[in-house]
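Trainee: Sequence and predicted model, in that order:
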Amino acid sequence: MKKTIKQWKSNNTLLQLKPDFEWDTIKVQFLMKVSQMLCLKLIDFNDYDFSWNIPCHQVSQMHLQMDDDYKFLIMHALKMKEPAVNVRIEVKFAKHLEGEDE
């Protein structure tokens, strides 16, 4: 039996990355982690919304979709004594899936 969208649960994990990685490398690392956690065979970056915030310093989520977003994230994260960033990854729902939850 398939779970409705409200029954889905989030998965949390740790991913350590170096600040000098290129954006394409970061995208691959994110997708590998998502694939590992969800046991997916095929995965596309465009199927997910990525956002980030810095714990204890920034409560609102910022978009993480392109190289400039990533550079902005790194610039702010490296200002901290112990750099850490929360990245949130959410599935972009197709319109036919949104109706299943009602």
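Mentor: Cool, the structure landed.
Trainee: Could you list the low-pLDDT ranges of this structure?
Mentor: The chain contains residues with pLDDT under 70 at 1-8, 94-102.
Trainee: Tell me which residue is most central in it.
Mentor: Ile89 (3.0 Å; Cα atoms, centre = their mean).
Trainee: strand partners of the helix or strand containing it, parallel vs antiparallel please.
Mentor: Element membership for Ile89, per DSSP states H and E: strand 86-91. Strand 86-91 sits in its sheet next to strand 48-53 (antiparallel), going by DSSP bridges.
Trainee: Pull the residues that contact the partner strand.
Mentor: 30, 34, 59-65, 73, 85-92 (Cβ atoms under 8 Å, 6 or more residues apart in numbering). (Glycine included, C-beta is placed from N, CA and C.)
Trainee: quick check: longest helix of the protein.
Mentor: helix 23-38 (DSSP state H).
Trainee: In that helix, which residues are buried?
Mentor: 26-27, 30-31, 33-34 (16 or more other Cβ atoms under 10 Å).
Trainee: How about residues contacting that helix?
Mentor: 11, 13, 15, 17, 21, 40-41, 43, 45, 48, 50, 66-67, 70, 87, 89.
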